[in-house]
Structure formats: structure tokens, C-alpha cells
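**Student:** Just the structure for this:
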Amino acid sequence: MSELDPYQDSSAMSSAASGLTLEEQIEDLNVPKKTAPHFLDTDPQTLKYFRMIKNWFAFERQKQTENRLERIKAHNYKDGDQWDDEDKEVVEGRGQKASVFNIIKQNVDWLVGTEKRTRVDYAILPRKKAESKEAEAKTKLIKYISDVNKAGFARSLAFEDAIISGKGYLDHGVRSDNSEEPLYVRYADWRNVWDDSLAKERDNSDGRYQFFSKIVDYDIAVAMFPGRADVVRLALNQSDNAIDEFVETDVDPESDEMSEMGNPLEMDNQRDRVRLVSCEYKVPTKQKIIRGKGLGALNGVEYDAKNADMKHLVDSGHASTFDAVRMVMWKMIFCGNHVLQNRKRIYNHQHFSLVPMWCYKKKKDNNCYGIVLNQIDPQDDLNKRRSKALFILSTKQSMAETGAIDDHDVFIAERDRPDGHMEVNSIAGVKLIEERDLAEEHVKLMEQDIKFIESVGGVSDEARGVETNATSGIAIQTRERQAHVTTAEPFDNYRYSFQTSGEIQLSLAEQFFTQEKTFRITGDKGLPDFVDINMPGENGEIENDITATQADFVVEADSYHATVRQAMFESFGNMLSKLPPEMAIQLLDLWIDLSDLPGKEIMVERVRAVNGQGNPDEDPDDQEVKMKRLAEQEELRRQQAIEDKLLGLEISLKEAEVEEKRAKSERDVAEAKAKLHRIQTDINLTKIKKAEALNKIEMSEKMAKPAKKVERG
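**Tutor:** Numbers count the residues shown, from 1 in each chain. Predicted coordinates for the structure are as follows:
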């Protein structure tokens, strides 16, 4: 028996079941041989904090036992495991099945489905006007990180834990694997986490410590900490490895022994596995802090005299330092009775890596609980009353006088048959009892149980789309709003944890995304949008420098309040229909922007192109916006010049046309005058000719008159 494995025989079964000895499991890892005491086993500071941390861990495991049993019970009820062994034995002993009529599950599913259907959006806002472009790049970067980490699905899992048992967790950090994106956001099972029970804030910011426990295979643990393979092997045989990941009982703070309730997933396990415990804890420390304008992510962090950039900033007067006492975050990982790692955490942010997502908090002791806790009693009552009602309807009672029945067993067997035929000595001496009314009373109480479960969970029939006695649209909408008001606190806590998670992601991005990078996100129109960050520009400056500025993460509530926005859209539409057309067209883009229609951005752009309105959300001081406005103004001037020229040409054409018509009119007048003159001349000639003819006639008549007088005489 080796010195490193004093309990070698006790692990023989698991090693044999795996088909490999402990040495064979790690022989490919080139684990270094132990030659001298490890620094972590002798360092007084490490040993001091390790004793303190183990006491904290033992205290929290003991104090939170009752609450964690309560929380796992809530999960069991949601999953349909609602009968305890004693009641189940009684029911099955009378020939019935312990049936479950799970109303809790549909309430939980509705709330979880609501979160998935109305996932909120967010944006990164600049702290200065000149940093708008960098903030926009950070928004796209965080969206890219969320996409590759499937952060939306992780938040949904954490929200489901919160709704059921009271609290869920999101884990944040940086990977060392260069094949993946450095930042990660992932779901963490609450059964592996122990918060500081004295913390009051929802984000645990006033907590002193946070524990995360994980069971891993022996060879994986050695691969993670090759220099501590000897103590990992020792931990295989310590009682703290008797594995359960969600509840601890019978903890003695003065002892290293912690007995635990068995986890069904681990009880039959034949692999060599050890428990690793990570503790992030805060240590009060006096520090020099660097501060100054334009320092970006360096502003407010600890001054490091060995850092050439920091030293240059301070020496050149661009930054200054000041002394402060801060709670500095450290991280310790231990296995059994030995420390595997202890160092100051490298992140600039001072949040714990595991962000809690609350549902409700008990005022008495700060313990969490979900919507299921207050539904357990009526759910038990529902199941048991259903069982009793069914038993009453399925059985009969009887009373018989002595001697009225010869064989009681045969009588009872026939009595309980649906088509039973009973032979008795005296009918008057036998009485059958059927309590149908009692079964009906149980059913009425069951209906009350169902209503109470729905009301306490905030999920009404109207919210689930079930037909009710509410006939008018206003009544239905009122009851739907009541459901949303009842469930407002869990969703508000969800947004709070979303905000904290986003702040951590932003801080990590500002700290670790220092290299040139091009990434793809899905644009507003569903097309790929490629974004460059930390790229050298033409003037020598870095474009979209992520680390040069600091910004703020803000959760946008618009998508969360979809019902309110829809109501505003309908009211706005009714108002537009009553306005004059020329006024309605000027407001049309704002109306469409309130809708949830696919492709509404394109519609808004086209409407604004028609009515000439600009985007009210644009920053007028942004350089791109200024260039865009100048281009639009230049285009307007060009269009105006073209219109002026066209108008001048049109006027010239009109004048030429008028001149031509005037000349033609003058020619027509001259021709008319000439024609009139000719006509007048003709008339005058005609008159002359007529006068001459008359004159000739008169002359002829005069010459003819004297000759006639002579003849009479």
C-alpha cells in the first residue's frame, strides 16, 4: 500500500469496474512525481484562508439544508413526483393507483414559455457623445458572444430553475482554449452553488463568498491540476466524496467529515470521481487605483507599476493614482482537505462569476422560493381528494346483523363486483351504504384546489387562452393584465439578473478583446453583417477600439412589454384614421415603428423617404449621422438646382411659345386687315361699277324722253 494511497483497497472496486487502475487512467498525462512539499500545503496565508473557507462551506451546507430540500421537492412536484412513500403505500394498499393530476406543471410551463416567447433585447450605450460608434460595435460584439454561447437558452434554463425552486444561475468567465471564443456565458445548476446566506442584494454584491461544487472523473481532475495529482488521489477515499450535488445533512463544522444523502445518479456509479470545490471570496486589501480621463477599461483598476503602459500614463501626467481599501476577489479551488489553486482573480469586474436569478425571497431568512412552494399543499389536496372520490365511487359499505350472512368473505367479494349477486339469510338484516354525495363534495373541493393553484401562480384561464365566463374583450384583457401583474416580480428579477449578466459580459469584453477581429452577426434585415473591431485606420488610430472606452449595458424593455406596445399601436392607428390625410402621412413612420410586423424597418425607411421625416433616434452629434445629413442636404441642393433649371427651361419654352403665338397673331391680324382692305376695295369697286351702271341707265332714260314729246305735238 503506497504512501499516496493509504486507502487503496476501498477504491479497488471502482477502478476494477472501469477496467483500468488509477495509474493507467492518468499514464498518458505525464503527471510529475512529487519531490517536495507543495507551496499550497505550506503557505501560511493560503492555509489561513483555507481554514476559514472550509468553515464557511460547512456552515452554508448546514444552514441551507432545509431550504434545498424544499427546493428539490418543488422540482419533484413539477416533474410529477408528488406522492410520498407512506401515502402512496396506503393508496396502493386499497387497490388504487397513486394518480397525479399535475396542475403545477402547466403553470410553470406557461411562465417559462412566456419568457422564451418574449425574450428581451439590450443595447450598449456610450458614456460620451464621441464614443457612440464604439458603443455600437460593443453592442454587436455582445450579441455575437451571446449567439456563440447560446446565452438565450442558458437564461431560459436559469429562469426555469428560478420559477420552480426560487433561484437559477448564469456562469461567466474566460476560457483558456484559443479554439473557441474567450468569453463564455452558460447555465449553472443551482444544486452545485452555495451563496453567502447573509447577503441581502439580489445580485449577491454584498456577499463575502460564493461556492461552486462539481463532481468530475479522477483522470479529468488530474489533467486540470497535474501538479496536485497526489492530493486528488487522496480525495478519492474521503467521505466528502460520497456524492450528492444538491443537499447536505448532518454537517459537523469541526470535522472534515460530511455525510450526505445519496444521489440516485451517483449511487450506482462505478467510475473514480472526486468533488472539486471552487470558492470566490473577497479579501479587504489596500490598493493603489489608477484614474484619469480617456483611460477606457484601465480607469478604476489597480495600478501595476510593472505595467509599462500604466507607468507611462502616470509618469506623463495623463493619469493619477490614489489609495483605497477594496474588497478584492480571490478564487480558491480545493479537493478534500487540500488546496489545488489559490490566486487573485484576473477579472476587472468585482461581481461573482455566478449571477443569481431570483423568483421570490423570504423576508425571514433571505431564502429563495419559487411559485411551486405555495402550490404544493393544494396540489396534494387535489391528488388525495381525487383518490378519495374515486375510492368512494368504486366501493360500497354494508352493515349486517349477526346470522344474516353465512360466508362474509364471499358476500364482500360479490358486493364489490359491478354485477355482484349476494345471497343472504335475511334481506332485512343487511343494509348497503353508498355515499355518492360525499364523492361530489370531494370533486367540488378539487375544483377549488385547481382555482387556487392557478390564482397563486398568476396563470389564469384567460392568460392561457382557455374559454371562460368573461365574454367581452375588455373583461378578457383585464384578466390577462391581472395575470401579468401577478407574475411581474419574477420577470422583474429576471431583467435585473439580465442586467447584471450583461454588465459582466461588457466588462470582460472591454478587458480581453484586445486583438483585431472580424465577426458576423445577423443584421436587422436578416442578412449577415460583418463587423471589424480593433482595426488600424487610415489616420493611424484604432477603429472600433473595444478597450479604449467604457460603456453601459442597458436592458431594453420594449420587446418585453409586447402587449403594451400592441395596445399603443392600435390606439395610434385609430388616431391616424381620424386625422387629415396630409397630417397622417407625416406620422405614418412612427405608427409602423410601433408594430411587430416582419420587415418593419424597411417599411419605415420607405415611408420616411416619402414624407421626408428623419430617424428620431439618431444622435445628431455622431460623425456618420453628420455626414449622412450633409449628403442629404447636398442631394437636396442638387435636386433644387435641377428643379430650378427645369423651371427656367419651362418658363423659356412658355415665353417662346407665347412669342410665337403673338407673332402668329400679328400675322393673322395683318392678313385679316389686308383681306379686309381687299374686300373694302372690292366693295368700293363694286359701288363704283354700280354707280356707273346706274348713271348709264339714267343717261339712257334722259336721252329717250324728249323724242316722245315731239310726236304728241
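**Student:** From Gly113, how far out is the nearest residue to Val372 once chain neighbours are set aside?
**Tutor:** What sits nearest to Val372 in space, not counting adjacent residues and going by Cβ to Cβ, 6 or more residues apart in numbering, is Ala74, at 3.9 Å. C-beta: built from backbone N, CA, C; applies to glycine. Using Cβ to Cβ, to the nearest Å, Ala74 is found at 18 Å from Gly113.
**Student:** isn't Ala158 right up against Trp358?
**Tutor:** No: contact criterion Cβ atoms under 8 Å: Ala158 and Trp358 do not qualify, at 10.4 Å.
**Student:** what do those two both touch?
**Tutor:** Shared contacts of Ala158 and Trp358 (Cβ atoms under 8 Å, 6 or more residues apart in numbering): Ser497.
**Student:** can you pull out the helices in the stretch 301-450 of the chain?
**Tutor:** Taking DSSP state H, counting those that start in this stretch as the criterion, the stretch 301-450 of the chain carries its helices at 308-315, 376-394, 408-415, 436-457.
**Student:** contacting residues around Ser146?
**Tutor:** 152, 185, 505.
**Student:** what's the burial count for the first one?
**Tutor:** Okay, so that is Gly152. Look at Gly152: counted by other Cβ atoms under 10 Å, it has 14 neighbours.
**Student:** Please give the element, helix or strand, for it.
**Tutor:** If you go by DSSP states H and E, Gly152 is part of helix 151-165.
**Student:** Ok, the second one next?
**Tutor:** With secondary structure defined by DSSP H and E, Val185 is part of strand 183-188.
**Student:** Buried residues, that strand. List them.
**Tutor:** 183-188 (16 or more other Cβ atoms under 10 Å).
**Student:** Run through who's touching that strand.
**Tutor:** Strand 183-188 has contacts (Cβ under 8 Å, 6+ apart) with 145-146, 149, 151, 153-155, 157-158, 168-175, 212, 354, 501, 505, 508-509, 512-513.
**Student:** rewinding a little: between Ala74 and Gly113, tell me which one has more neighbours.
**Tutor:** The neighbour comparison of Ala74 against Gly113 (other Cβ under 10 Å) goes to Ala74, with 23 against 12.
**Student:** Note down every partner strand of the strand holding Val185 and its orientation.
**Tutor:** strand 167-174 (antiparallel) (DSSP bridges).
**Student:** Buried ones in the strand it pairs with, by neighbour count?
**Tutor:** Neighbour count says strand 167-174 has 167-173 buried, by 16+ other Cβ under 10 Å.
**Student:** And stretch 65-75, by the same measure?
**Tutor:** Buried, per 16+ other Cβ under 10 Å, within stretch 65-75: 65, 67-68, 70-75.
**Student:** Could you tell me which of those residues belong to helices?
**Tutor:** 65, 67-68, 70-75 (DSSP state H).
**Student:** Going by distance to Ala324, which of the residues you listed wins?
**Tutor:** Using Cβ to Cβ, the shortest approach to Ala324 within these belongs to Asn67, at 36.2 Å.
**Student:** That closest one and Glu666, how far apart?
**Tutor:** From Asn67 to Glu666 the distance is 109 Å (Cβ to Cβ).
**Student:** need the contact list for Asn307.
**Tutor:** Counted by Cβ under 8 Å, 6+ apart, Asn307 has zero contacts.
**Student:** With Arg127 instead?
**Tutor:** Contacts of Arg127 (Cβ under 8 Å, 6+ apart): 549-552.
**Student:** So which of those residues is surrounded by the most neighbours?
**Tutor:** Most surrounded of the contacts of Arg127: other Cβ under 10 Å gives Ala551, at 25 neighbours.
**Student:** and that one, backbone torsions?
**Tutor:** Backbone torsions for Ala551, taken as degrees, to the nearest 10, come to phi -140, psi -180.
**Student:** give me every residue that touches Glu23.
**Tutor:** So Glu23 contacts nothing (Cβ under 8 Å, 6+ apart).
**Student:** so Gln106 makes contact with Ile450?
**Tutor:** No: contact criterion Cβ under 8 Å: Gln106 and Ile450 do not qualify, at 10.3 Å.
**Student:** So for stretch 679-695, mean pLDDT?
**Tutor:** The average pLDDT within stretch 679-695 is 82.
**Student:** Kindly list the longest strand within this protein.
**Tutor:** strand 273-291 (DSSP state E).
**Student:** in it, what counts as buried?
**Tutor:** Applying 16+ other Cβ under 10 Å to strand 273-291 flags 273-282, 290 as buried.
**Student:** likewise stretch 140-159?
**Tutor:** Quick answer for stretch 140-159 (16+ other Cβ under 10 Å): 140-146, 149, 151, 154-159.
**Student:** With stretch 193-211 instead?
**Tutor:** 193-196, 199, 202-204, 207, 209-211.
**Student:** Need the residues that contact that stretch.
**Tutor:** With Cβ under 8 Å, 6+ apart as the criterion, stretch 193-211 contacts 53, 56-57, 60-61, 63-64, 169, 212-213, 277-282, 351-356, 358, 361, 365-367, 493, 496-497, 500.
**Student:** Just the buried subset of these, please.
**Tutor:** Going by neighbour count (16+ other Cβ under 10 Å), the contacts of stretch 193-211 have 53, 56-57, 60-61, 63-64, 169, 212-213, 277-282, 351-356, 358, 361, 367, 493, 496-497, 500 buried.
**Student:** Which of the three states applies to Phe212?
**Tutor:** Following DSSP: H, G, I helix; E, B strand; the rest coil, Phe212 is assigned to strand.
**Student:** For it, which non-adjacent residue is spatially closest?
**Tutor:** That would be Ser278: by Cβ to Cβ, 6+ apart, it lies 4.6 Å from Phe212.
**Student:** What residues does that neighbour make contact with?
**Tutor:** 211-214, 331-333.
**Student:** so which of those residues comes closest to Lys384?
**Tutor:** Once Cβ to Cβ is applied, the member of the contacts of Ser278 that ends up nearest Lys384 is Ser213, at 36.9 Å.
**Student:** quick one, strands of the stretch 1-150 of the chain?
**Tutor:** Taking DSSP state E, counting those that start in this stretch as the criterion, the stretch 1-150 of the chain carries its strands at 121-126.
**Student:** For it, give me the ranges with low pLDDT.
**Tutor:** Applying pLDDT under 70 to the stretch 1-150 of the chain flags residues 1-18.
**Student:** which among the contacts of Ser146 gets closest to Gly317?
**Tutor:** Distances from Gly317 to the contacts of Ser146, taken by Cβ to Cβ, are shortest for Gln505, at 33.5 Å.
**Student:** relative orientation of the helix or strand where that closest one lies and strand 183-188 in degrees?
**Tutor:** Assessed by DSSP H and E, Gln505 sits inside helix 488-512. With axes from the mean of the first three to the mean of the last three Cα atoms, to 10 degrees applied, the angle from helix 488-512 to strand 183-188 works out at 150 degrees.
**Student:** any idea of the angle helix 488-512 forms with helix 151-165?
**Tutor:** Going by the same axes, to 10 degrees, helix 488-512 makes 140 degrees with helix 151-165.
**Student:** Next secondary structure after helix 488-512?
**Tutor:** strand 517-522.
**Student:** Could you give me the buried positions within that following strand?
**Tutor:** 517, 519, 521.
**Student:** Restrict that strand to CA atoms and write it as CSV.
**Tutor:** C-alpha atoms of strand 517-522 as CSV (Å, rounded to 0.1, in the frame of the first residue of the first chain):
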residue,chain,number,x,y,z
LYS,A,517,-11.2,40.7,-35.1
THR,A,518,-13.9,40.4,-37.7
PHE,A,519,-17.1,38.6,-36.7
ARG,A,520,-20.6,38.1,-38.2
ILE,A,521,-24.0,38.8,-36.7
THR,A,522,-27.4,38.7,-38.2
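**Student:** Show me the contact partners of that strand.
**Tutor:** By Cβ under 8 Å, 6+ apart, strand 517-522 touches 140-141, 143-144, 147, 528-534.
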